[in-house]
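J.: Got a predicted structure here, sequence first:
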Amino acid sequence: MNTIANTSLNSLVQPPCYDRSALKPHIVHIGCGAFHRAHQALYTHLLAAQTPSAWGICEVSLFSGEPLFSDLANQDGLYTVLEQYNQQKSAECVGTIVASVSKKRDGSQAIIEQLASVDTRIVSLTITEKGYCIDAASGQLDRANPAIAHDLQSPQDPESAIGYIVAGLARRRQLGREAYTVLSCDNIQGNGHVLRNAILQYANVIDTELAQWIEQYASFPCTMVDRIVPAATQESLHFVEQEIGVYDPCAIACESFKQWVIEDNFVQGRPDWDLVGAQFVDDVTAYEAMKLRMLNGSHSFLAYLGVLAGYEYIADCMNNPDIYRCVQTLMLTVQAPTLNVTKELDLNAYAKQLLERFCNRCIYHRTEQIAMDGSQKIAYRLVNSLRYHLDNKNDIRLLATGIAAWIRYTTATDDRGDTIEVVDPLKDRLNQLYQQFGTGVEVVPYILALEAIFPQDIGHNPEVIAAVSQAYQCLLEYGAKHTIAQLAEAL
Ligand code: NAI
Ligand code: CS2
């Protein structure tokens, strides 16, 4: 069978130009999804292409990675990343994935041994927000989470990423090996701090000395990660096939923009990712907040209103002038003032670039994909910004409309009366509330009282309850397009 590894490729893409046998699995990555393949693995590849590097990646799957891993193995770990901005395209054949371990294929002990290997220096993660098993509002480990509850009973045979990372560190300590850097690359405010906190809370329950050792010797840099990478589809795979001349089942098509800002705090060395465009800084907080509120906050706003209004892709939403206007205002007038940024971050230029990225017609980014797992996302993206505006007695209608649209989305019916496939770890809890109180406007205060999402000072605030209820009622009566048109007119 022709694969990317054994076929001569066309001029758009070339095989890696470096000696792949020199790469060692110094990075163990959990969550080999679309984003990791188009971001961290690509940066690591670009580095190897530029300068001699030993940084290779061993991919870990805790549940469903086997088909991908066998496809990758069939093409010697190689895969394509196709980058597009309007009519410009470029492609890379990425060569940095050198090994894989999966729970189903190899068992949990094989994962723990890989984490404990002398080769392992960095353990990185893109496991989605819910993989951290925390309350989004408080950032604390959720000990009632079934995977965490299981792991606290059986730490040698874990289910959660937290459980594996701690089991790997425990094994290293037992073997007299150094701890590793744990590098979160997920969209969570203070991702490194949140992960460190969750890991230490978990480790403290199973072994306080281990927890102290981790606290002393491991590190948890925060990162701001950015690139719009839609999930692969049959259409995207066929599109890449047409472009490169061979079918690659592991290919990813994404935008050409990418950004990575990393706190420089690595206990066992790190790749010089800055040579290929990443930034190492002392403090990532401002970059993270800027991205989560301006980019991701707008994305969630677009996703919920878009799903309700029947827009399939983000670029379709942006084509509606009322939505465009509201998103622009959300970025610049609502989110930007909440940020405590240094002078070198130009928020006007950032917003302008975001609007262009959202309008990129080559990127088929489904509103339903972004809408997923809202209970894990909206606290960082929309809810926390309310505090600043309440304190300053500002207009909160845009934020309230985003939150109301999320609530309306979780009731699972769009504006045409069609069913929405709601994907959210708190779906059962939300459905209980809808069964008890209905889906009319009366339910809004009960949803805002969910403390895993809404901090008390916000969820119980009468102004917030009134504004979200009003927006929700408008969405119910008139639909998303009309609600947005009304808002745009009033801005
Ligand atoms: P994806 O669904 O393609 O990949 C997620 C990976 O994590 C899969 O390998 C899955 O098996 C694994 N996973 C899911 N839940 C897990 C859990 N509870 N424990 C362990 N592993 C788990 O998603 P994608 O697009 O790769 O995004 C992943 C995350 O990366 C996002 O949630 C976000 O935090 C971050 N990110 C994504 C961007 C994007 O545009 N796709 C851009 C910036 C950040
Ligand atoms: C999106 C992000 O799926 C989502 O929730 O908002 O994954 C977004 O595409 C990235 O953060 C862009 O860097």
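T.: Cool, got the structure. Just so we're clear, the structure is a prediction, and the values are computed from it rather than from any experiment. Ligands and ions are numbered 1, 2, ... in the order given.

J.: Show me the contact partners of stretch 437-446.
T.: Contacts of stretch 437-446 with the rest of the structure, by C-beta atoms under 8 Å, 6 or more residues apart in numbering, involve 404, 407, 411, 413, 433-434, 436, 465, 468-469, 472-473, 476. Placement of C-beta: from N, CA and C, glycine included.

J.: Ends of it, what's the gap?
T.: 8 Å (C-alpha to C-alpha, to the nearest Å).

J.: Now it: average pLDDT?
T.: The average pLDDT within stretch 437-446 is 98.

J.: Next, count neighbours for the closest residue to Ala198 other than its chain neighbours.
T.: Closest residue to Ala198 apart from its sequence neighbours, by C-beta to C-beta, 6 or more residues apart in numbering: Leu141 at 4.4 Å. For Leu141, the count of nearby residues is 24 (other C-beta atoms under 10 Å).

J.: What residues does Leu141 make contact with?
T.: Counted by C-beta under 8 Å, 6+ apart, Leu141 has contacts 133-134, 148, 162, 197-198, 201-202.

J.: phi, psi of it?
T.: phi -60, psi 130 (degrees, to the nearest 10).

J.: what does Gln436 give?
T.: phi -70, psi -40.

J.: Output the contacting helices and strands for the strand or helix carrying Cys254.
T.: Cys254 belongs to strand 252-255 when assigned by DSSP states H and E. For strand 252-255, the elements it packs on are helix 34-38, strand 79-85, helix 234-244, judged by 3 or more C-beta pairs under 8 Å, 6 or more residues apart in numbering; DSSP states H and E.

J.: Single out the most deeply packed of the ones you listed.
T.: Neighbour counts averaged per stretch over the helices and strands packed on strand 252-255 are highest for helix 34-38, at a mean of 24; criterion: mean count of other C-beta atoms under 10 Å.

J.: how much distance is there from that one to the middle of the chain?
T.: Remark: helix 34-38 is offset 10 Å from the chain centroid, using C-alpha atoms, centre = their mean, to the nearest Å.

J.: That one and ligand 2 in contact?
T.: No - using C-beta under 6 Å from any ligand atom, helix 34-38 stays clear of ligand 2, with a minimum separation of 6.8 Å.

J.: Packing partners of that helix?
T.: strand 79-85, strand 252-255.

J.: Report the residue spans of the chain with pLDDT below the cut-off.
T.: The chain contains no residues with pLDDT under 70.

J.: and it, which of its residues are near ligand 2?
T.: Counting by C-beta under 6 Å from any ligand atom, the positions of the chain adjacent to ligand 2 are 187, 226-228, 295-296, 299, 369-370, 377.

J.: could you redo the last one with a cut-off of 8 Å?
T.: Taking C-beta under 8 Å from any ligand atom, the part of the chain that reaches ligand 2 is made up of 35, 187, 225-230, 259, 291, 295-296, 299-300, 303, 365, 369-370, 372-373, 377, 381.

J.: Let me see the contact set for Leu450.
T.: 375, 426, 429, 459.
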